[in-house]
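Engineer: missing the sequence, but the structure's below:
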């Protein structure tokens, strides 16, 4: 297991050799709503200069703005073409456009131990390059959370948060 950052970078490198307009980084511990990928694609096609799109999801310990006011099974979700501009999206699912990937580059591997912070750093770099970061109500997922990392590293949440904050502060300063 290469970890989320290195595994994602390897997948992005391989996929970028194909003629895809976007790439989806998606955790293995999720369940997806009906027309999940259609919802992500509509968010990109309906907006200019999108760098990354994230879905709404149910992981209460994750990003509050991605909850979208709903908890429940993904299979029962009714997608809506509604988009929200945000500062960053969680790495559980990042739908990254080719244009942004070409301009912003790979995920920074300084965040590779647990992966936390790699998505924030990438979103900061995308915004600095002039890209929008969007959430869409057109896609929703259930995230079971920390399944693989816990199996590999045991309980790690406090340490992962500490490492993430330290590395983001080193790179972007205390106000990251």
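Structural biologist: Right, received. Where do you want to start? Bear in mind that the values here come from a model prediction, so they are computed numbers and not experimental data.
Engineer: Show me which strand runs longest in the chain.
Structural biologist: strand 132-143 (DSSP state E).
Engineer: For the protein, just list every one of the strands.
Structural biologist: Counting by DSSP E, the strands of the chain are 22-26, 30-32, 50-57, 83-85, 93-97, 132-143.
Engineer: Do me a favour and average the pLDDT over the longest strand of the chain.
Structural biologist: What strand 132-143 shows for mean pLDDT is 94.
Engineer: Which strands and helices lie in contact with that strand?
Structural biologist: strand 30-32, helix 36-45, strand 50-57, strand 83-85, helix 118-128 (3 or more Cβ pairs under 8 Å, 6 or more residues apart in numbering; DSSP states H and E). From N, CA and C alone the C-beta is placed, and that goes for glycine too.
Engineer: contacting residues around residue 84?
Structural biologist: 65, 134-137 (Cβ atoms under 8 Å, 6 or more residues apart in numbering).
Engineer: so where's the chain uncertain?
Structural biologist: For the chain, applying pLDDT under 70 flags the ranges 59-63, 67, 69, 113-115, 145-156.
Engineer: rewinding a little: so of the strands of the chain, which one's packed in deepest?
Structural biologist: With neighbours taken as mean count of other Cβ atoms under 10 Å, those reach their highest mean count in strand 50-57, at a mean of 28.
Engineer: How far off centre is that one?
Structural biologist: Distance, stretch centre to chain centre, for strand 50-57: 7 Å (Cα atoms, centre = their mean, to the nearest Å).
Engineer: Direction included, what does it pair up with?
Structural biologist: Sheet pairing of strand 50-57 (DSSP bridges) gives strand 93-97 (antiparallel), strand 132-143 (parallel).
Engineer: Ok, which of these comes nearest residue 43?
Structural biologist: Between residue 43 and the strands paired with strand 50-57, the tightest spacing by Cβ to Cβ is seen for strand 132-143, at 4.0 Å.
Engineer: how many degrees apart are the closest one and helix 118-128 in direction?
Structural biologist: Taking axes from the mean of the first three to the mean of the last three Cα atoms, to 10 degrees, one finds strand 132-143 and helix 118-128 inclined to each other by 160 degrees.
Engineer: Could you report the separation of the residue nearest to residue 110 when sequence neighbours are not counted from residue 30?
Structural biologist: Counting by Cβ to Cβ, 6 or more residues apart in numbering, the nearest residue to residue 110 once its immediate chain neighbours are dropped is residue 167, at 5.3 Å. Residue 167 sits 25 Å away from residue 30, going by Cβ to Cβ, to the nearest Å.
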